[in-house]
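Asker: model this:
(2 chains)
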2 protein chains.
Amino acid sequence: MAVLPHANGQEVGAGKKEAVRDKSVYSPVQASRLEHMPTLPAVLQGNFKLEFGPPSTAAGQPEEIQKLFPSLYGQPSVQLAKSEGPSYNVDQKLKVGVVLSGGQAPGGHNVIAGFFDYLQTHAPGSVLYGFKGGPAGIMRNKVVEITAEFLYPYRNQGGFDIICSGRDKIETPEQFQQAVDTVNALDLDGLVVIGGDDSNTNAALLGEYFRSRKVKTHVIGCPKTIDGDLKSAEVPISFGFDTACKIYAEMIGNIMVDARSTGKYYHFVRLMGRAASHITLECALQTHPNVAIIGEEVNAQKKTLRQVTNSIADAVCKRADMGKHYGVVLIPEGLIDFIPEIQSLISELNEILASQGCDEQGHWKSNLKPSCRALFDSLPHNIQEELLLERDPHGNVQVSRIEMEKMLITMIETELFARKHEGRYEGQFKGQAHFFGYEGRCGMPTNFDATYCYALGFAAGALMHMGQTGLIASVGNLTAPSSEWTVGGTALTQLMDVERRKGKNKPVIKKAMVELDGAPFKKFSSLRSAWCVEDSYVSPGPIQFEGPTADDTNFTLKLELGAPVSL
Amino acid sequence: MAVLPHANGQEVGAGKKEAVRDKSVYSPVQASRLEHMPTLPAVLQGNFKLEFGPPSTAAGQPEEIQKLFPSLYGQPSVQLAKSEGPSYNVDQKLKVGVVLSGGQAPGGHNVIAGFFDYLQTHAPGSVLYGFKGGPAGIMRNKVVEITAEFLYPYRNQGGFDIICSGRDKIETPEQFQQAVDTVNALDLDGLVVIGGDDSNTNAALLGEYFRSRKVKTHVIGCPKTIDGDLKSAEVPISFGFDTACKIYAEMIGNIMVDARSTGKYYHFVRLMGRAASHITLECALQTHPNVAIIGEEVNAQKKTLRQVTNSIADAVCKRADMGKHYGVVLIPEGLIDFIPEIQSLISELNEILASQGCDEQGHWKSNLKPSCRALFDSLPHNIQEELLLERDPHGNVQVSRIEMEKMLITMIETELFARKHEGRYEGQFKGQAHFFGYEGRCGMPTNFDATYCYALGFAAGALMHMGQTGLIASVGNLTAPSSEWTVGGTALTQLMDVERRKGKNKPVIKKAMVELDGAPFKKFSSLRSAWCVEDSYVSPGPIQFEGPTADDTNFTLKLELGAPVSL
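Answerer: As a prediction, this is how the structure comes out:
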């Protein structure tokens, strides 16, 4: 760890130099990936210049965004184009920082590698600091200097462990001042923020704060999240989505082959992805499950839990009529959030528990509205317990801890038991529950994510070097070979709208949810009834780094960009 | 499905021809694997002859085995050696069958492919039938003819879905007679049984039955099980173990990187593997977890549940002292079976529930012995429920349904809470539970499993063609390139011992448990204390089918065969 004056005047790190990671424990595949060199877009291979677009606006309420970002609002987005010579001061050495913010996503290390290699190539002698443990590292000035030797063992490797990440936000005036103190102490010319929607909003606020106070530090964001919900016309995909989906799809494909071979289990697979169902949708396109629930559709159709349950039970019955007593059902992590009646129940529970707690005898239940009470009573016992017990530090139900896959299995068992009694179902339903989440966030990035991230990092360096701030690195034309990818920066304010929170206007980059009239969902909905009854299972197999399939990308990206797909 | 006279004189299949599998839904990796051609051992590439070993004995109680196998006992095991010309009747066309028995394991399709290709090469014009749905398919004469076209889509693919599998056993005199009727009706020269210890015991009994009754059908077994517990000096490994471990290890490695990146979770991963802990041990060698519980050691040391819990809590405390509040713990599926006090509890529960059931008020508990009662009362509520509710059709607790990983998390939380109170632990313990099982049984086989299985199937054909029966195909020297592998057949009776069950002597192939003085466990135990405190995590990454790492095998095999390993 480099010895640096702390923002508060203390020194941190006590002179210790961060140890270079021990590569002797690398697996053969890890070791082989160290030597992989992503191909840069052609525009980044030589000299380049900026081409400016028209003044930018905002995704919504531009006047409000302008008030919140008086310095940055309206600045144009930019594209990089080839040029004869360099478009930056060739003598300038940069002092820059990078931070990883929020949940892990495969490829984060390659963003840092791309950024580092940009500096080595175009601004040799520059210094790159990594802030440790996310935005808290900025506030507390906890940094490590990223050298070639220190960085090397992380190239093309999964995880964020080079500097780790964190979920803190820079929010209060004191925290913004701490950030200023840190970047001043480090004499930073720029800061790259690698994060999701919230973190990139934070990056824009930081960029605004620095510019308005004449702090020289420029801020560039990079789009990260496996959930796939940070994207726009200019930012076609967030990194990590491709790898995570392929890891989950590998497992789902294996389970499908098992289901068909064994012939007696219904596998319910809940997939990470927070609010949005992009991961579930992509995994469905990759594997062709019998049922895949897309939360956005459930929400748009205002479905009840019973309706969701019954729709799956219908599929089980239809397959039983064909002699098939097995299947695979995909469920998005956020499903519970998409069912309006459950949302009502949870918010009532949050209030009751905050005010009076819940007594063992269950008297507290009389304070639930009748409809909520009926829903609560209809839930399986263990789910009732989870709703009452699993709460975050703010007292809210931890949605990701609720085992929706088990809840559905139990409720479908009950429903099928009733149907059997009525002679509407014959067979034996046996459910197996799975949750895939942590397995996918830190896998080694696919060739696509490795290359995309490397280009993002390299682009961030170029944008910063050419004096840009308040942009998110944007790499496009992603279904072409990487040499043909376009490179630019999109004004972060362009992606923003305003939400009213706690009586204040807050800028937000809107989460991109699954669009029911978008190409991926339309493709899915045109095929799902066939997938329900036929066994069109596809087993994507393990991610390959070499060979003919190694550079494939994902269906969501291809369909959204209008590229041909066969499925 | 071929139209064939049923054993009971009926026809099955009603003239339908089994549809050739639709390859249009194959993923790019699946499609690319269809073209993979495993390299046969050199001895199988040309002409070969049999070399006979000394008369065989048995693993235990040879006199009893001889009584049970009067026709087969004592026959020599064989090795294949190069010869000038063929050692079989070159004009003979064979009619043979194959059956998949028990749980799925990656590579089963390649055993069938190897067997088929043997017939095509050395006995062209032969006919291969696949019995559908496991041994029940033999008893009911449910078959499909396996043609080149029918087989092709399954080459190098995971799963058993070409003919599916089943867990029935051929046990009663009536069932043996059904098998005779079937093989007579089909005019079978031979039958290959692909299965685990039980299924290979069954294969030997079938071979004995056929020979003693002058039925011409010869029986050859093949060693299958991901659990790795069917092995001996002659059969170095069962197929599927290599692939399954690598799939689990990929996920574990990803989770480890996540744990280190996030810094706040302990991941408890329960791994399939039934009674034996080979999978857990191999995954530990591949990934270097902070703790891996090996059931055989727990059992040998007669550990209590509390001792197991405390040993993990100790590791958590030790790491907390170093500022590390995260980690990865591996647990074998069968752990609960290895803890003597839990076994006592379960057998008492089985009896009480069979005789009187359990009343809601819990009066039944007074029939437990005091030590069992105390243990039961100390268990988390949900585990108590699982012990009472999850029972198989015979009324026994379904061990694989007990979520031991969650049970340990809950118990460790309690233990750490107490230690915190006593000032012996500082930190916040957050557990995440995982179970990996079905994901690994049907993955596409690694190059090793694909090649090994192909050689096993080819060898089974050769042994049968040269008049052998009652052998298990044995391929050795497996750490050398596949061209140098040895090929033979081991007398199944050589692997057997006798157990007393329900007042009768039953032949059994003893499950090969983890040996505490074997090389894999010794390697593990020499390294585990370092792994506990250091983060020596290894991320094996996804299985590669091409490139420099594609032909690697596993540590257990290498260590048992004395090959060099670096870890």
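Asker: for the helix or strand hosting A:I383, packing partners?
Answerer: Here A:I383 sits within helix A:381-389, counting by DSSP states H and E. If contacts are counted by 3 or more CB pairs under 8 Å, 6 or more residues apart in numbering or on different chains; DSSP states H and E, helix A:381-389 sits against helix A:340-355, helix A:404-421. All C-beta atoms are positioned from the backbone trio N, CA, C, and that covers glycine.
Asker: can you give me the mean pLDDT across that helix?
Answerer: Averaging pLDDT along helix A:381-389 yields 80.
Asker: only alpha carbons, please: show it as CSV.
Answerer: What follows is helix A:381-389, C-alpha atoms only, in CSV (Å, rounded to 0.1, in the frame of the first residue of the first chain):
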residue,chain,number,x,y,z
HIS,A,381,-45.1,-21.8,7.0
ASN,A,382,-41.4,-21.4,6.2
ILE,A,383,-42.1,-18.5,3.9
GLN,A,384,-44.1,-16.8,6.7
GLU,A,385,-41.1,-17.2,8.9
GLU,A,386,-38.8,-15.7,6.3
LEU,A,387,-41.1,-12.7,5.9
LEU,A,388,-41.0,-12.1,9.6
LEU,A,389,-37.4,-12.9,10.4
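Asker: between that helix and helix A:340-355, how many degrees?
Answerer: Relative orientation of helix A:381-389 versus helix A:340-355 (axes from the mean of the first three to the mean of the last three CA atoms, to 10 degrees): 50 degrees.
Asker: mind jotting down where the helices sit in the stretch 101-250 of chain A?
Answerer: Assigned by DSSP state H, counting those that start in this stretch, the helices in the stretch 101-250 of chain A fall at A:108-122, A:135-139, A:148-151, A:173-186, A:197-212, A:241-262.
Asker: need these in CSV (columns: distance to chain B, mean pLDDT and mean neighbour count).
Answerer: Formatted as CSV, the helices of the stretch 101-250 of chain A follow (distance: least, CB to the nearest CB, whole Å; pLDDT from 0 to 100; neighbours: other CB atoms under 10 Å in any protein chain shown):
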stretch, distance to chain B, mean pLDDT, mean neighbour count
helix A:108-122, 9, 98, 25
helix A:135-139, 12, 98, 25
helix A:148-151, 16, 97, 14
helix A:173-186, 21, 98, 18
helix A:197-212, 15, 97, 24
helix A:241-262, 4, 97, 28
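Asker: want to throw the ones you listed into a markdown table with distance to B:N47?
Answerer: Converted to a markdown table, the helices of the stretch 101-250 of chain A look like this (distance: least, CB to CB, whole Å):
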| stretch | distance to B:N47 |
| --- | --- |
| helix A:108-122 | 54 |
| helix A:135-139 | 70 |
| helix A:148-151 | 57 |
| helix A:173-186 | 75 |
| helix A:197-212 | 68 |
| helix A:241-262 | 36 |
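Asker: ok, back up a step: buried set for the helix holding A:I383?
Answerer: Neighbour-count burial for helix A:381-389 flags A:383-384, A:386-388 (criterion: 16 or more other CB atoms under 10 Å in any protein chain shown).
Asker: stretch A:263-271 now?
Answerer: A:263, A:265-271.
Asker: could you point out which residue ranges in the stretch 201-350 of chain A have low pLDDT?
Answerer: Within the stretch 201-350 of chain A, no range satisfies pLDDT under 70.
Asker: any idea which of the helices and strands packed on helix A:381-389 is most buried?
Answerer: helix A:404-421 (a mean of 19; mean count of other CB atoms under 10 Å in any protein chain shown).
Asker: rewinding a little: chain B is nearest to which of the helices and strands packed on helix A:381-389?
Answerer: helix A:404-421 (10.5 Å; CB to the nearest CB).
Asker: so is that closest one next to chain B?
Answerer: No - using CB under 8 Å from any CB of the partner chain, helix A:404-421 never reaches chain B; the gap is at least 10.5 Å.
Asker: ok, back up a step: neighbouring contacts of the helix holding A:I383?
Answerer: A:345-346, A:349, A:353, A:358, A:376, A:379, A:397, A:401-403, A:406-407, A:410, B:382 (CB atoms under 8 Å, 6 or more residues apart in numbering or on different chains).
Asker: if we go to 6 Å?
Answerer: A:358, A:402, A:407 (CB atoms under 6 Å, 6 or more residues apart in numbering or on different chains).
Asker: up against chain B, what does chain A have?
Answerer: A:25, A:27-30, A:32, A:104, A:158-161, A:164, A:251, A:254-255, A:257-258, A:260-261, A:438-439, A:441-444, A:536, A:538-543, A:546-549, A:552 (CB under 6 Å from any CB of the partner chain).
Asker: what comes up buried for stretch A:358-369?
Answerer: A:358, A:364, A:368.
Asker: and the nearest residue to A:G228 once chain neighbours are set aside, how many neighbours does it have?
Answerer: With CB to CB, 6 or more residues apart in numbering or on different chains as the criterion, A:G228 has its nearest non-adjacent residue at 3.4 Å, and that residue is A:H278. By other CB atoms under 10 Å in any protein chain shown, 31 other residues sit near A:H278.
Asker: now the one 5 residues further on
Answerer: Number of residues near A:C283 (other CB under 10 Å) recorded here: 32.
Asker: and for A:D22?
Answerer: 11.
Asker: gap between A:T225 and A:D187?
Answerer: A:T225 sits 31 Å away from A:D187, taking CB to CB, to the nearest Å as the criterion.
Asker: just to be sure, A:V328 is in a helix?
Answerer: No - counting by DSSP: H, G, I helix; E, B strand; the rest coil, A:V328 falls outside a helix, being strand.
Asker: show me what contacts it?
Answerer: Contacts of A:V328 by CB under 6 Å, 6+ apart are A:256, A:259, A:267, A:289-290.
Asker: let me know the closest of the residues you listed to A:T217.
Answerer: A:P289 (47.4 Å; CB to CB).
Asker: the closest one sits in which helix or strand?
Answerer: Applying DSSP H and E, one finds A:P289 in no helix or strand.
Asker: same deal with A:V269?
Answerer: strand A:266-271.
Asker: by contact count, what packs against that strand?
Answerer: helix A:241-262, strand A:327-332, helix A:404-421, strand A:431-436 (3 or more CB pairs under 6 Å, 6 or more residues apart in numbering or on different chains; DSSP states H and E).
Asker: can we see that at 8 Å?
Answerer: Using 3+ CB pairs under 8 Å, 6+ apart, strand A:266-271 sits against helix A:241-262, helix A:278-287, strand A:327-332, helix A:404-421, strand A:431-436.
Asker: now distance to B:F131 too, for those, in TSV please.
Answerer: Supplementary listing: the helices and strands packed on strand A:266-271 in TSV, determined by distance: least, CB to CB, whole Å:
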stretch	distance to B:F131
helix A:241-262	14
helix A:278-287	29
strand A:327-332	25
helix A:404-421	31
strand A:431-436	26
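Asker: out of the ones you listed, nearest to B:H325?
Answerer: Nearest to B:H325, of the helices and strands packed on strand A:266-271 and by CB to CB, is strand A:431-436 at 22.2 Å.
Asker: burial of the closest residue to chain B within the stretch 51-200 of chain A, as a residue count?
Answerer: Closest approach between the stretch 51-200 of chain A and chain B, counting by CB to the nearest CB: A:G159, at 3.6 Å. Residues within reach of A:G159, counting by other CB under 10 Å, total 29.
Asker: per-residue confidence at it?
Answerer: Reported pLDDT for A:G159: 97.
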